[in-house]
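K.L.:
Here is my input; please provide its structure:
(2 chains)
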Amino acid sequence: MVRIIDRRFDSRNKSAVNRQRFMRRFKHQIREAVADAISGRSIKDLDNGESVSIPGKDLSEPRFRHGRGGIWETVFTGNDQFSTGDQVNRPQGGAGGGSGKGKASKDGEGEDDFVFNLSREEFLDVFFDDLALPNLVKTQLARIQEYKSQRSGFTNDGTPANINVVRSLRGALGRRLALASPYQGRLRDLQRQLDELLETRPDDDPEVVRLKDEIGILRAKIDAIPFIDTFDLRYNNRIKVPKPTTQAVMFCIMDVSGSMDEEKKSIAKRFFMLLYLFLTRTYEHIDIVFIRHHTVAKEVNEEDFFHSRESGGTVVSSALELMKEILHSRYANGAWNIYGAQASDGDNWDNDSPHCREMLAQTILPFVQYFAYIEITRGEQQNLWGEYEKLLGAHTNFAMQHIENLPDIYPVFRELFKKKLA
Amino acid sequence: MNTPGRPKRKKPLPSPGEWSFELIDAYHVEIDRVAREFKLDTYPIQVELITSEQMMDAYSSVGMPVNYHHWSFGKSFLQTEKGYRRGQMGLAYEIVINSNPCIAYLMEENTMTMQALVIAHAAYGHNSFFKGNYLFRQWTNADAIVDYLIFARNYLTQCEERHGEEEVELLLDSCHALMNVGVDRYKRPAKLSLTKELTRQRERAEYLQSQVNDLWRTLPTQLAKAPTVEHHRFPSEPQENLLYFIEKNAPLLEPWQREVVRIVRKVSQYFFPQRQTQVMNEGWATFWHYTLINTLYDEGLLSDTFMMEFLHSHTNVVYQPGYNQPWYQGLNPYALGFAMWQDIRRICEHPTDEDRHWFPDIAGSNWQETFDFAMRNFKDESFIAQFLSPKVMRDFRLFAILDDDKDPKLKISAIHDETGYRRVREILSDNYNLGSREPNLQVWNVDLRGDRSLTLRHQAYLRRPLAGDTEEVLKHVARLWGFAARLEVAHEDGSIECLHECRQDRRKHDKP
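P.N.:
Numbers count the residues shown, from 1 in each chain, chains lettered A, B, ... in the order given. Coordinates of the predicted model:
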C-alpha cells in the first residue's frame, strides 16, 4: 500500500532559521563585504542584494581526517596504457590525470571562497546596522511603496458598511420603473376601456367585472415587484493607489581638497546614500546634483564625484555659489523639493567661512526643505563649524553634525525623520 | 529481456510529460505488482511530493525531514541554492529516508517518467535494502528515527531558550567536529525509542552527573593521604568512540550538554551504515529500477517515449568516465554497484567457466536467492571482496596505483589481468574500508592524578599523516573535555610522538 502525500504547499523556508544562524555567525565577514559593496556602488543602487564572498577556510568545519602523504593504494578505472609494475610520474597539481589522491585533494589547497547572495532586506539590514538607525526608521526606509486608499466609483459587491444608499435606491427605482412598464401600459389601456364602458354600462355588467378583475391582477403584479433587490445594491468602491509623490532634487556637495582622504569620502558617501534612501521613500522622482569643490566648484557626475582626486586649498563658498546658481536656473519653479547635503572636513579658508554662513542663510536656506552639513574630522571642529553653528537656532531646516565614525551620521537625520514621521 | 514468447501486450499506461496524482498511483500499482513478483520485501511506502525549494531544505538538513538548527545546515543550503540557481548542478531526483514507513520525496519538477523511475529506485530499491541489510538492521531503527529527530530538535530549542543560542552553537560546533569519531564501529547500539528517550533523559542526566565525579575524587584532599596508591589507567582500555567517552566522562559538562553530545552521537551513528554501503545500496537500487521498469516494458505497459527518456536518465546515472578524463571523480558507486549486481545475476543465470572457477558457490544458483543473501549480509568492503568478478574488472579496466611519498614515482601495482585480479579486488575492497579510509583515533589516557588532561592517540597506518586542520579539532576536544587535550601519534615503528597540545583553563565557576 502506498500513501501519496502532497507536501508542496507545506511550509517553505524550513532552512530560514539555519540561514539566519549562518548570517549571524559570519556577520563580521558579511559586514566587510557590504562595506566593500557600498564603496563600489552608485548611491542610487540600494535596492539590490549583494553577492558576498567569504574565504573558504573561515567556514570550514574541521574533522579528523587523513592528510596528504604516506602510502596510498587506490583503484582507478579506464586503464588504457599501464601494465603491472609500470612507473609513472606524479601528476602535478593533483587534478589532471586523475591520479589526484581522492582524499588528499579535499583538504589543503583549492579551497575556494564561499559565495552567496544577500537579499535586498539582508543587505539593507547590514547597511543600517552600521549606521545605528533606530528600528522604526529602518522599517520606514525599507518599505517599498506606500499606498493610499482612494474612492473610485461604485461596485456591485462589498461590505454592508460601504453601501451607497442614494445610488442603491436610484437603481431600485429605475428597475421598478422598467419592470413595471409593460404592466403599466396594459393597465392604462384597460383603465381607459373600463372608463368608456362605465359610461354606457352598469357597474355589475360582466364585461366591467372582467376588466376590473384584470386591472386588479395587473396592480397585484406591479405591487409584487420588490421595492429593493440585492441586485440594486451599490457599494462605494475604494482602490489602492500609490501615495502621490512629487519630485525632489538633492544637492551633494563635497570637499575634495587634499585633506579629504578615502576614509572620509567613504563616510560622506554613506551619508549621501542615507539621504538618498530617505528621499526615495518620500518622493517619486529624484534628481541628484553632484558638486565637488576645492578652491573652485564644479558640477560632476557621480563617478568623478567619489573617485577623482584633487588637491589644493578649500573655498567652500564657491560650491554654495554654484548650488545657488543651479538651484535658481533649474529648480526654481516651485515644483521641486530641494535638499542639500554638504560634507567637508571643515578646513576652509579663514575669511571664506563667514561669507559661507551668510550665503547659506540668505540665498539657500529659504529655498530648501532641509540642509544638512556634516563635518568629518577626528578631534577639534574647524572654522566652518563655528560659523555654521550660528545658524542652528534660527533655521529649523538646517542640521549639522560632527562625525568621527559611522554611527554619528544618524543624528543628522533625526529631526528630518521626526518631522516626516509625525 | 525480450523473449519471443512475450506475454500478451497490455494497453500501455499513458506517458505524458506532466505527472498527475492518478498517474503516479497507476504506475505505482504496476511497479508494486512486479516488485512483489520479484519478492522484494519493503517497509510500507509513503511518497511525498515536494518543490525544488523543499528539496533544497531537505538536502541541507542531511536529508532528514526534521533536524535541529545549526549554521552549518544554513551553509549547505546556501551552497545548494547557489549551485541550483546557476544551473551548475541539478538536484537529486529523490531523497529516501530509512524510516518506517519509508519516506520517498519526489520533486514537483520531475516528468512522469522520472517519477516512475524514482519510485522504482527509491521506494523499492533503497527501501528493500534498508529493510534487509544487516548493517541497517543492527545500527538504525527505522521505526524511531523521525520521532527521535523531533525529540532532538525540541530538546535543543529548549536548551537555546535556557542557555542561549550561542552557548548551544559552540557546543554543537565541537560535537560536529568529532562526529566521524563518535561512532561505535563494532558495538551494536541500543534501539531508539521516543518514549524511553524522554523518560530516561532526566534520570540519565542526574545519574551521569553523579558518576563523573569519579574524577573529582582525585582532588588534593584525598590525594594527600594516599600518594602511593597503585596507578590505575583510565580508561582501562583505549576507546574508539570519542563522543561517547566525552558524554560519559567529561568532568565539567552540564547534564544538558551531555544530552546534546548524545544527540549528535546518535544522529551520526544513524548515518554510519549509509557510509559503508554506498556501492551496494546505490547499485541495488539502480539494478531494481532498471529491472522493474524493463519488466513493465516487456509486458507492454510502457510506451516507447517513456523508455527512451528512462534509458537516457539511467545511462547518465551509471556513466563512468575513465581516470584520464577531466570529469573523473573516482569510481561512480552507481556504475560499479549496478555492474556488480547485473554481473551476479549473469553468473547465476549464464555462468562461464571462469565464473565457475571464481564463484563455485553461486554459479548457476537461483539468482533471487543469491541476491537476497548478498544484500542482507554484506557491506561495500566485504561485498567487493566477495563478489567483484574478473569480468567487471575487465569491463571497468580497473587498475591500482601505489603512491608512496618516499618514492619519486607512482607505481602501477596491479591491473585487470590474470595475475592482478585478486590484488585489484583486495585494494578496491580496502578503498571502501572505513577503518583504513579514516584515521584511527582512540582515547588513550586521562591523567587522573595530574592535570586531568585527555590524551588521544592516532595509530598511524601506512605512514598516513593527519590533515592540517587537526589542531582545530583538538581545540574542540579540549573545549568539550574542559581540561587540556593532547594528540599523540603512534608510528608503525612503535615510536610515539606528541603532535599537538591544547591547554584549556576553564573552571566550573568561571564559565563565561
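
K.L.:
Can you list the buried residues in the strand or helix carrying B:Y290?
P.N.:
Assigned by DSSP states H and E, B:Y290 belongs to helix B:278-298. Residues B:278-297 are the ones in helix B:278-298 that count as buried (16 or more other CB atoms under 10 Å in any protein chain shown). No exception for glycine: its C-beta is placed from N, CA and C like everyone else's.

K.L.:
Next: stretch B:78-85.
P.N.:
By 16+ other CB under 10 Å, the buried positions in stretch B:78-85 come out as B:78-82, B:84.

K.L.:
what about the helix holding B:Y290, distance to the chain center?
P.N.:
Relative to the mean C-alpha coordinate of its chain, helix B:278-298 is positioned 21 Å out (CA atoms, centre = their mean, to the nearest Å).

K.L.:
Against which helices or strands is it packed?
P.N.:
helix B:21-37, helix B:112-118, helix B:127-132, helix B:304-317, helix B:333-349, helix B:380-387 (3 or more CB pairs under 8 Å, 6 or more residues apart in numbering or on different chains; DSSP states H and E).

K.L.:
can you tell me the average pLDDT over it?
P.N.:
Mean pLDDT, helix B:278-298: 94.

K.L.:
now stretch B:359-370
P.N.:
What stretch B:359-370 shows for mean pLDDT is 93.

K.L.:
Report the buried residues of the strand or helix carrying A:E387.
P.N.:
Using DSSP H and E, A:E387 sits within helix A:383-389. Neighbour counts over helix A:383-389 (16+ other CB under 10 Å) mark A:383-385, A:387-388 as buried.

K.L.:
Spell out the residue ranges of the strands in chain B.
P.N.:
Listed in chain order, the strands of chain B (DSSP state E) span B:45-50, B:94-97, B:102-107, B:399-404, B:409-415, B:440-446, B:454-459, B:485-490, B:496-502.

K.L.:
Ranked by average pLDDT, which of those falls at the bottom?
P.N.:
Taking the mean pLDDT of the strands of chain B, strand B:94-97 comes last: a mean of 84.

K.L.:
what lines up beside it in the sheet?
P.N.:
Each strand paired with strand B:94-97, and its direction, by DSSP bridges: strand B:102-107 (antiparallel).

K.L.:
hmm, who's touching the strand it pairs with?
P.N.:
Strand B:102-107 is contacted from outside by B:24, B:42-52, B:54-55, B:58, B:65, B:91, B:93-97, B:115, B:118-119, B:122-123, B:126-127, B:130-131, B:142, using CB atoms under 8 Å, 6 or more residues apart in numbering or on different chains.

K.L.:
so where's the chain uncertain?
P.N.:
Since you didn't name a chain, this refers to chain A. A:1, A:11-13, A:46-47, A:57, A:92-112, A:130-147, A:242-246, A:281-282, A:333-335, A:412-422 (pLDDT under 70).

K.L.:
Chain B was what I was after
P.N.:
Scanning chain B for pLDDT under 70 picks out B:1-9, B:86-93, B:186-196, B:200, B:208-231, B:505-512.

K.L.:
ok and the residue in it nearest chain A?
P.N.:
Closest approach between chain B and chain A, counting by CB to the nearest CB: B:G322, at 2.2 Å.

K.L.:
Could I get the phi/psi values of that residue?
P.N.:
phi -80, psi 170 (degrees, to the nearest 10).

K.L.:
Look at the residue lying closest to it once chain neighbours are set aside and say how many residues are nearby.
P.N.:
Excluding its sequence neighbours, the residue lying closest to B:G322 (CB to CB, 6 or more residues apart in numbering or on different chains) is A:G78, at 2.2 Å. Close neighbours of A:G78, defined as other CB atoms under 10 Å in any protein chain shown, add up to 16.

K.L.:
for A:M250, helix, strand, or coil?
P.N.:
strand (DSSP: H, G, I helix; E, B strand; the rest coil).

K.L.:
Pretty sure it sits against A:L279.
P.N.:
Yes. Using CB atoms under 8 Å, A:M250 is in contact with A:L279, at 5.9 Å.

K.L.:
what do those two both touch?
P.N.:
With CB under 8 Å, 6+ apart as the test, A:M250 and A:L279 both reach A:286, A:339.

K.L.:
who has more neighbours, these two?
P.N.:
A:M250 (23 against 20).

K.L.:
State the distance from that one to chain B.
P.N.:
The gap separating A:M250 from chain B is 36 Å, by CB to the nearest CB, to the nearest Å.

K.L.:
what are the ranges of the strands in the stretch 51-200 of chain A?
P.N.:
Taking DSSP state E, counting those that start in this stretch, the strands of the stretch 51-200 of chain A run over residues A:71-76, A:87-89, A:114-118, A:147-155.

K.L.:
and those, which is most packed in?
P.N.:
strand A:71-76 (a mean of 22; mean count of other CB atoms under 10 Å in any protein chain shown).

K.L.:
tell me the angle of it relative to strand B:399-404?
P.N.:
160 degrees (axes from the mean of the first three to the mean of the last three CA atoms, to 10 degrees).

K.L.:
for strand A:71-76, the distance to its chain's centre please.
P.N.:
Worked out by CA atoms, centre = their mean, strand A:71-76 lies 58 Å from the chain centre.

K.L.:
then it to PDB, C-alphas only?
P.N.:
Coordinates of each C-alpha in strand A:71-76 appear next as PDB, following Å, rounded to 0.1, in the frame of the first residue of the first chain:
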ATOM      1  CA  ILE A  71      51.200   5.300   1.300                       C
ATOM      2  CA  TRP A  72      48.000   5.200  -0.600                       C
ATOM      3  CA  GLU A  73      47.000   2.500  -3.000                       C
ATOM      4  CA  THR A  74      43.900   3.400  -5.000                       C
ATOM      5  CA  VAL A  75      41.900   1.700  -7.800                       C
ATOM      6  CA  PHE A  76      41.100   3.700 -10.900                       C
END
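
K.L.:
Tell me which residues touch the residue in the stretch 1-150 of chain A that chain B sits nearest to, please.
P.N.:
Distance from chain B to each residue of the stretch 1-150 of chain A (CB to the nearest CB) is smallest for A:G78, at 2.2 Å. By CB under 8 Å, 6+ apart, the contact set of A:G78 is B:320-325, B:328, B:396-397.

K.L.:
Ok, A:Y235 next?
P.N.:
Shown in contact with A:Y235 (CB under 8 Å, 6+ apart): A:154-159, A:162-164.

K.L.:
Could you check how far B:E108 is from B:I119?
P.N.:
In this view, B:E108 and B:I119 are 15 Å apart by CB to CB, to the nearest Å.

K.L.:
What's the local residue count around the residue nearest to B:N433 when sequence neighbours are not counted?
P.N.:
Distances taken as CB to CB, 6+ apart place B:E381 nearest to B:N433, at 4.5 Å, with adjacent residues excluded. Using other CB under 10 Å, B:E381 has 22 neighbouring residues.

K.L.:
cool, B:H314 as well?
P.N.:
For B:H314, the neighbour count with other CB under 10 Å is 20.

K.L.:
out of everything not next to it in sequence, what's closest to it?
P.N.:
Residue nearest to B:H314 in three dimensions, not counting chain neighbours: B:Y290, with 6.1 Å by CB to CB, 6+ apart.

K.L.:
The residue nearest to B:N433 and B:L428 touch, don't they?
P.N.:
No. With contact defined as CB under 8 Å, B:E381 does not count as touching B:L428 (9.3 Å).

K.L.:
ok, back up a step: as CSV, the helices and strands packed on helix B:278-298 with distance to A:F290 would be great.
P.N.:
Below are the helices and strands packed on helix B:278-298 laid out as CSV (distance: least, CB to CB, whole Å):
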stretch, distance to A:F290
helix B:21-37, 61
helix B:112-118, 56
helix B:127-132, 67
helix B:304-317, 56
helix B:333-349, 60
helix B:380-387, 67
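
K.L.:
List the buried residues in stretch B:431-444.
P.N.:
By neighbour count with 16+ other CB under 10 Å, stretch B:431-444 contains the buried residues B:431-433, B:436, B:438-444.

K.L.:
My guess is B:R265 contacts B:L242. True?
P.N.:
No. Judged on CB under 8 Å, B:R265 makes no contact with B:L242 at a distance of 9.2 Å.
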